[in-house]
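In: here is a sequence together with a model predicted from it:
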Amino acid sequence: MNFDLTEDRQMLSDTLRRYLSANCVIEKRNEIAYSAPFHSPQCWSEMAELGIPGALVDEAHGGYGGTGFDIAVVFEELGRALCPEPFLGTLLASRLLLAAGADQQDLIDGSVRYAVAISELDEPYDPAFMIASATRSGEGYALEGRKTAVYGGHVTDVLLVAAMLDGRPAVFSVEAKSAALTSYGMIDGGGAAEVVFDATPATLLIEDAGKALDDMFAAGRLALCAEAVGAMDVAYTLLLDYLRTRKQFGTAIGKFQALQHRAVDLLAEIEQARSITISLAAALGSDEAMPRSAMAKGLIGRVARLVAEETIQMQGGIAMTWEYASSHYAKRLVMIDHQLGDTDQCEGEIIRRYAAA
Amino acid sequence: MDLTYSPQEETFRAEVRAFLEAELPDHISAAVRSGVELPREIYQEWHEILGRKGWLGTTWPKEYGGPGWTPVERYIFDVECSRAYAPRIVAFGPHMLGPVIQKFGSDAQKQDILPRILSGEDWWAQGYSEPGAGSDLASLKTRAERDGDHYVVNGQKTWTTLGQHANRIFCLVRTKFDGKPQEGISFLLMDIDTPGIEVRPIRLIEGGHEVNEVFFSDVRVPVSNLVGEENKGWTIAKYLLTHERTNIAGVGISMQALEEVKALARSLKRRGKPLIEDPLFAVRIARVESDLEAMKITNLRMLFTAQKHGQPGPETSILKIKGTVINQELRDLARRALGPLAAPFPGHVIDGNLVMGPKDTDANAAVYFNNRKTSIFGGSNEIQRNILTKTMLEL
């Protein structure tokens, strides 16, 4: 048992934190995150050079990481800086390419950008219920349907698309330029796309993709949990600074027990959030990964919203302003729940397992 | 990061499990499983079994006759004991006084007291709280006044857990009556059968006799029963409250309670289907199971820190706050699962012989009510929040 980071992961974490604190300070981050293309191509390239995509991939496939703890380290740092670079798409794509046994050198060196298209209007979280479908067409396949919330889809080169093939979920690879994309920036920064496929030519990547998609979901949820933990940590530090310095009634408001106890409760919940993220990181790749990811993402959804709402309430009006960093952390913390399964979805997954057992 | 147990720890777990299988008598585990109040003999028998194995002072180093376990080994031991439905070790001697004597006691006290704790021969009670000194413990008023080579003790203690079974008691008493309240407190040991000590029961919410009031009138206690220096008792009290709180989250007990709730929700029906298929009920299990999964890791993280730095930090208060609330939620779910069958009051059936409810559930409501105590005792959860504010938030 050991809860310290290995030297390599500590170095990765330090490198990334140094880079982001120099290149992604909150004012600059907001500029990047809220103006098209909702990320910085320069940051993207520099971070690829730093080896961020490679940290998400195992050695056998050309990277130098790929375990749950590698993923957690990277995304916790991205979360601390509210970094809008679309590495979630990179991670999700990498897990699918891994399952397909496909080469991913261009993903690792950052020369080709990937995004995955899973969610649909009528079923955001569960590929078993998706409508998009593929039919055989000559040598390849043709896709029909609409995909929603394709993170990083607005700037991707390649789309990995989940679609039904013969009644089962499969994964296809599509040139982004051959699909009809509607790109947008998101309320918490960063960008995504809606994609419509209309007889869009596609290459089959994984035929029976149930397991691959589970692993992708588990890895993606881990990334989002770690991102939330990083963001919570910073949001909480901002809160404590504020409680120490803001004076009302002639004293620092942190002297009031009503606020102290709420601050302690947040601390306890953030520790719990960190713990469940560690638990999921350890389970990634095993049969336990998907059920554990439901526990983790469900718990994180509850805690992240609590941290967001309490940091706003306890800091008062200032935390409602665009200018103060806390508000941007609050937005990200709330909106993480909307990605890859919210608390209701995750708790639903857990209780369906109870019923099936 | 590595969450796996080492081979030595796995061997240790197997050893504990084998010991429990061989040595924990069926009538004891059955009594624990039923949730009813345990009689003295059950505790005593179990303490003696552990004592013979050398496993009663689980936190003690080898030099004092303890097993010298690491925090992680203690955690494994606690989880395995809960899993096997062993009684909780009554903490006052083995987990509280023992470490205090080791750190603050005289050689004579060490020789007199420690072996008798380890063998299960002495049953210690804790005399801390008073009617006017609960969360504000330092305001305690029970006085010990010097008269030759004795102290004369007058006053009252309360919430003395299982004091009716004890033959000895350690008390915080006031030996100085001016200055800061914390600086006039001493740590004094007494035999319960000393003239002038009277133990009276307090009946608790669920009807049980678990706690007591203890009255002291002109009780003469030899000065040699003082632990540490006079007026330095507060340091000892604080040491005792922050020391060895690695089991404070009660993770093992909650893991067992979770399994019981799930089993109950599988066996009971609503609208023709198992209760566990009712999404409203199941989602409450899902939430508390997620919280408990996180709690396991939080506990292990803090054990790891304790192992690294030699002692647990103030963050153990987080274990208390979250651990008790998780346990209480599980007790609430078990009670609700039973529906109307939770209502019959054990021991209050007048006639007839129908079995009401699944096996070992008679006491579920009583256990629920009794467990409201966990967020109050040992420094209420609000006091834990004050401690965390002071030690971790620097507000």
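Out: On my side now, so go ahead. Numbering: from 1, shown residues only, chains lettered A, B, ... in the order given.
In: domain map for chain A?
Out: Taking automatic domain parsing as the reference, chain A has its domains at A:7-108, A:114-207, A:212-356.
In: pipe those into CSV and attach distance to chain B per row.
Out: To be clear about C-beta, it is placed using only N, CA and C from the backbone, and glycine gets the same treatment. CSV is the format used below for the domains of chain A (distance: least, C-beta to the nearest C-beta, whole Å):
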stretch, distance to chain B
domain A:7-108, 5
domain A:114-207, 16
domain A:212-356, 3
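In: all helices of the stretch 251-357 of chain A, in order?
Out: A:257-283, A:289-315, A:325-335, A:343-356 (DSSP state H, counting those that start in this stretch).
In: most packed of the ones you listed?
Out: helix A:289-315 (a mean of 24; mean count of other C-beta atoms under 10 Å in any protein chain shown).
In: centroid-nearest residue for chain A?
Out: Geometric centre of chain A, nearest residue: residue A:224, 3.7 Å, by C-alpha atoms, centre = their mean.
In: surely that residue and residue A:76 touch.
Out: No - counting by C-beta atoms under 8 Å, residue A:224 stays clear of residue A:76, with 11.0 Å between them.
In: hmm, the longest helix seen in chain B in reach of chain A?
Out: Secondary structure assigned by DSSP state H gives helix B:279-309 as the longest helix of chain B. Yes - Helix B:279-309 reaches chain A (C-beta under 8 Å from any C-beta of the partner chain) through B:279, B:282-283, B:285-287, B:289-291, B:293-298, B:300-301, B:304-305.
In: do the helix or strand just after that helix and chain A meet?
Out: Next in sequence after helix B:279-309, counting helices and strands by DSSP states H and E, comes helix B:316-338. Yes - using C-beta under 8 Å from any C-beta, we find that helix B:316-338 touches chain A at B:318, B:321, B:322.
In: which among those gets closest to residue A:343?
Out: Nearest to residue A:343 among these, counting by C-beta to C-beta, is residue B:322 at 18.2 Å.
In: tally of neighbours for the closest one?
Out: Per other C-beta atoms under 10 Å in any protein chain shown, the neighbour tally for residue B:322 reads 25.
In: could you measure from it over to residue B:381?
Out: 9 Å (C-beta to C-beta, to the nearest Å).
In: kindly report the same for residue A:125.
Out: Residue A:125 is 35 Å from residue B:381, by C-beta to C-beta.
In: quick one: contacts for residue B:210?
Out: B:37, B:161, B:162, B:204, B:370 (C-beta atoms under 8 Å, 6 or more residues apart in numbering or on different chains).
In: contacting residues for the closest residue to the first one other than its chain neighbours?
Out: Nearest residue to residue B:37 in three dimensions, chain neighbours excluded: residue B:208, at 4.7 Å (C-beta to C-beta, 6 or more residues apart in numbering or on different chains). Shown here is residue B:208, whose contacts under the criterion C-beta under 8 Å, 6+ apart are B:37, B:366, B:370.
In: out of those residues, which is most surrounded?
Out: residue B:366 (22 neighbours).
In: just to check, that residue is in contact with residue B:346?
Out: Yes - between residue B:366 and residue B:346 there is a contact at 6.5 Å, judged by C-beta under 8 Å.
In: residue A:58 reaches residue A:94, doesn't it?
Out: No - assessed by C-beta under 8 Å, residue A:58 is found out of contact with residue A:94, at 9.4 Å.
In: overlap of the contact sets of those two?
Out: With C-beta under 8 Å, 6+ apart, residue A:58 and residue A:94 have common neighbours residue A:66.
In: neighbour count for those two, which is higher?
Out: Using other C-beta under 10 Å as the criterion, residue A:58 and residue A:94 rank with residue A:94 on top: 29 against 16.
In: which stretch of helix or strand covers the residue in the stretch 101-250 of chain B that chain A sits nearest to?
Out: In the stretch 101-250 of chain B, the residue that lies nearest chain A is residue B:249 (11.2 Å; C-beta to the nearest C-beta). Under DSSP H and E, no helix or strand contains residue B:249.
In: cool, residue B:144 as well?
Out: strand B:143-147.
In: in that strand, what's buried?
Out: B:143, B:144 (16 or more other C-beta atoms under 10 Å in any protein chain shown).
In: pLDDT on that strand, on average?
Out: The average pLDDT within strand B:143-147 is 98.
In: how far off centre is it?
Out: Distance of strand B:143-147 from the chain centroid (C-alpha atoms, centre = their mean, to the nearest Å) equals 31 Å.
In: can you give me the helices in chain A?
Out: A:7-23, A:26-34, A:41-50, A:52-55, A:68-80, A:87-100, A:105-108, A:210-245, A:257-283, A:289-315, A:325-335, A:343-356.
In: one step back: what comes up buried for the longest helix of chain B?
Out: B:281-307.
In: now do stretch B:149-156
Out: Counting neighbours by 16+ other C-beta under 10 Å, stretch B:149-156 gives B:150, B:151, B:152, B:153, B:154, B:155, B:156 as buried.
In: need phi/psi at the third one.
Out: Spelled out, it's residue B:152. Dihedral angles of residue B:152 (phi, psi; degrees, to the nearest 10) stand at phi -110, psi 120.
In: likewise the one 3 residues further on?
Out: Geometry field for residue B:155 lists phi and psi as phi 150, psi -160, criterion degrees, to the nearest 10.
In: what bridges to it?
Out: Residue B:155 has these beta-bridge partners by DSSP bridges: residue B:216.
In: quick one: it from residue B:236, how far?
Out: 18 Å.
In: with residue A:267 instead?
Out: 28 Å.
In: do residue B:288 as well
Out: The separation that residue B:288 has from residue B:236, given C-beta to C-beta, amounts to 37 Å.
In: just list the residues touching the closest residue to residue A:207 other than its chain neighbours, thanks.
Out: Leaving aside its chain neighbours, residue A:207 sits nearest to residue A:170 (5.3 Å; criterion: C-beta to C-beta, 6+ apart). By C-beta under 8 Å, 6+ apart, the residues touching residue A:170 are A:134, A:162, A:163, A:164, A:204, A:205, A:206, A:207, A:208, A:209.
In: tell me who's in contact with the closest residue to the fourth one other than its chain neighbours.
Out: Spatial nearest neighbour of residue A:164, chain neighbours left out: residue A:133 (4.3 Å); criterion: C-beta to C-beta, 6+ apart. By C-beta under 8 Å, 6+ apart, the contact list for residue A:133 reads A:143, A:144, A:145, A:163, A:164, A:165.
In: and residue B:104, by the same measure?
Out: B:187, B:227, B:228, B:236, B:239.
In: next, count neighbours for the residue lying closest to it once chain neighbours are set aside.
Out: In space, and not counting its chain neighbours, residue B:104 is closest to residue B:228: 4.0 Å by C-beta to C-beta, 6+ apart. Residue B:228: 19 surrounding residues under other C-beta under 10 Å.
In: then stretch A:176-186 to PDB, C-alphas only?
Out: The C-alpha trace of stretch A:176-186 is given here as PDB (Å, rounded to 0.1, in the frame of the first residue of the first chain):
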ATOM      1  CA  ALA A 176     -13.900  15.000 -39.700                       C
ATOM      2  CA  LYS A 177     -14.200  17.100 -42.900                       C
ATOM      3  CA  SER A 178     -16.500  14.600 -44.500                       C
ATOM      4  CA  ALA A 179     -19.200  15.100 -41.800                       C
ATOM      5  CA  ALA A 180     -21.400  18.100 -41.200                       C
ATOM      6  CA  LEU A 181     -20.200  19.800 -38.000                       C
ATOM      7  CA  THR A 182     -21.800  22.600 -36.000                       C
ATOM      8  CA  SER A 183     -19.200  23.900 -33.600                       C
ATOM      9  CA  TYR A 184     -19.800  25.800 -30.400                       C
ATOM     10  CA  GLY A 185     -18.100  27.100 -27.300                       C
ATOM     11  CA  MET A 186     -19.400  25.800 -23.900                       C
END
